[in-house]
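Novice: A structural model of the following input is requested.
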Amino acid sequence: MIRSLLFIAATALVACASPVRAQAAQRIALTLDDGPHLSATPRLSPQARNEALLAAIRKHQVQAALFVTCGNGADRPEGLALVKAWSDAGQLLGNHTMTHPDLNSPQVSLEQYQDEIQRCQQILEGLPGLQRWFRFTFLREGKPEAKRDGMRAWMKAQGWRNAYVSLDTSDWRLNEFLEARLKADPKAEVSDIRQAYLDHLWQRAQAYQALSRRLQGRDIAQVLLTHHNLLNALFLDDVIGMFKAKGWQFISPAEAFEDPVYQLQPISPVAGQSLLLSMARSLGLGRFEGWERLVDDGDHEIERLGPPAAPH
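Specialist: Numbering: from 1, shown residues only. Model prediction:
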């Protein structure tokens with residue numbers, strides 16, 4: 001634990017003593033969690049949602065990573081077929097447990113959590129593109145510290161990579177808002193939700209880019225967290241297009257994880273948030289300027305949208 005703290009602190013001190021090294025283009029990798037869902041949503045079937053996501057990725061020639069929660073559908077033939085479509089398209093696959101339990105919960109033991117990972121991996125085994133990457137559910141690495149440290153030791157022994165997120169988003173909140181509006185009125189206008197989503201992503205992107213420069217003295221390869229949901233099925237094309245128009249360069253998640261920042265292990269993880277926020281807490285930065293907009297779960301954008309439409 002002390003070595004981890006010293007490693008992070010030494011890295012940050014070097015960064016603070018050096019001028020910011022900006023790259024020609026900020027690099028970003030696209031990842032999606034929780035898919036594929038077989039649950040119904042307005043407008044698009046599970047198959048149509050899956051294809052819409054893949055179509056956007058194909059259009060922009062991006063290699064993404066889908067972190068599969070197997071109990072959402074991959075444990076059934078029709079859901080596994082949706083995962084296979086990602087694999088067949090040359091996309092990468094990671095593990096996000098069977099049923100999305102919370103390792104911070106006292107009701108979830110270390111052994112139960114590890115079993116969830118192993119059972120999901122057995123379902124995915126043999127699919128091209130499958131990596132030994134695990135993303136913690138809710139981005140929570142376990143409480144108390146003994147559980148967290150036990151998980152880190154188990155992952156190291158089993159050869160798992162912690163698939164950290166640096167650019168976390170609250171797309172799930174906006175997705176909830178979108179679904180509520182469309183359930184009330186399937187023909188409702190959604191262009192304002194699209195714009196709120198793009199604004200939310202760009203605000204987070206600029207803030208985390210600034211934080212990476214403050215902590216590392218450079219632009220790290222950012223790993224973007226989104227979800228396999230209706231919001232992205234409708235707007236992922238716009239999301240990728242926006243980042244490209246802003247001059248950001250999409251790279252494979254495998255290339256992004258080669259950035260040495262993803263080898264760090266913060267001693268004070270911020271549950272449900274970016275690796276960069278965890279690093280900031282570990283270094284005692286506290287509530288720095290702009291902190292509140294990185295932990296508000298999209299409240300700012302949701303308030304601007306107002307209440308969802310009332311049922312007709």
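
Novice: From Gln112, how far off is the closest residue to Arg58 other than its chain neighbours?
Specialist: Leaving aside its sequence neighbours, Arg58 sits nearest to Ala89 (CB to CB, 6 or more residues apart in numbering; 6.9 Å). Using the backbone N, CA and C atoms, a C-beta is placed for each residue, glycine as well. Going from Ala89 to Gln112 by CB to CB, to the nearest Å gives 33 Å.

Novice: Name the single longest strand found in the chain.
Specialist: Taking DSSP state E as the criterion, the chain has its longest strand at strand 27-35.

Novice: helices or strands up against that one?
Specialist: Applying 3 or more CB pairs under 8 Å, 6 or more residues apart in numbering; DSSP states H and E, one finds that strand 27-35 contacts helix 46-59, strand 65-68, strand 222-227, helix 230-245, strand 249-250, helix 253-256.

Novice: coming back round to it: quick one, what contacts the residue nearest to Arg58?
Specialist: Leu54, Ile57, Arg58 (CB atoms under 8 Å, 6 or more residues apart in numbering).

Novice: Over to Glu301?
Specialist: Counting by CB under 8 Å, 6+ apart, Glu301 has contacts Leu174, Ala196, Tyr197, Asp199, His200.

Novice: quick one: average pLDDT of stretch 45-61?
Specialist: The pLDDT scores in stretch 45-61 average 98.

Novice: pLDDT value on Gln23, please?
Specialist: 57.

Novice: Pairing partners for the residue most central in space within the chain in the sheet, please.
Specialist: Nearest to the geometric centre of the chain sits Leu225, at 2.2 Å (CA atoms, centre = their mean). Counting by DSSP bridges, Leu225 is bridged to Thr31.

Novice: and the residue nearest to Arg58, how far is that from Ile57?
Specialist: Ala89 is 7 Å from Ile57, where distance means CB to CB.

Novice: Let me know which of the helices and strands packed on strand 27-35 is tucked in deepest.
Specialist: Comparing these by mean neighbour count (mean count of other CB atoms under 10 Å), strand 65-68 comes out on top with a mean of 29.

Novice: What are the contacting residues of the helix or strand just after that strand?
Specialist: Counting by DSSP states H and E, the next helix or strand C-terminal to strand 65-68 is helix 77-88. Contacting residues not belonging to helix 77-88 are listed as 35-36, 38, 46-47, 50-51, 54, 66, 68, 72-74, 93, 123-124, 127-130 [CB under 8 Å, 6+ apart].

Novice: what ranges do the helices span in the stretch 51-200 of the chain?
Specialist: 77-88, 110-124, 145-158, 171-184, 191-216 (DSSP state H, counting those that start in this stretch).

Novice: Tabulate these in TSV, adding columns for mean pLDDT.
Specialist: Supplementary listing: the helices of the stretch 51-200 of the chain in TSV, determined by pLDDT from 0 to 100:
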stretch	mean pLDDT
helix 77-88	98
helix 110-124	98
helix 145-158	96
helix 171-184	97
helix 191-216	97
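
Novice: looking at those, which is closest to Glu292?
Specialist: helix 191-216 (10.6 Å; CB to CB).

Novice: The closest one packs against which elements?
Specialist: helix 2-17, helix 171-184, strand 222-227, helix 230-245, helix 275-282, helix 299-305.

Novice: Could you tell me how far that helix lies from the centre of the chain?
Specialist: 14 Å (CA atoms, centre = their mean, to the nearest Å).

Novice: ditto for stretch 92-105
Specialist: Its chain's C-alpha centre and that of stretch 92-105 lie 12 Å apart, by CA atoms, centre = their mean.

Novice: mind listing what's buried in it?
Specialist: Leu92, Leu93, Gly94, Asn95, His96, Thr97, Met98, Pro101, Asp102, Leu103, Asn104 (16 or more other CB atoms under 10 Å).

Novice: Over to stretch 127-135?
Specialist: Result for stretch 127-135 [16+ other CB under 10 Å]: buried residues Leu127, Gly129, Leu130, Gln131, Trp133, Phe134, Arg135.

Novice: so the last one touches His100, yeah?
Specialist: No. Using CB atoms under 8 Å, Arg135 makes no contact with His100, being 10.7 Å away.

Novice: now the helices and strands packed on strand 27-35 in TSV, with distance to Gly150?
Specialist: Putting the helices and strands packed on strand 27-35 into TSV (distance: least, CB to CB, whole Å) gives the following:
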stretch	distance to Gly150
helix 46-59	35
strand 65-68	22
strand 222-227	25
helix 230-245	34
strand 249-250	36
helix 253-256	26
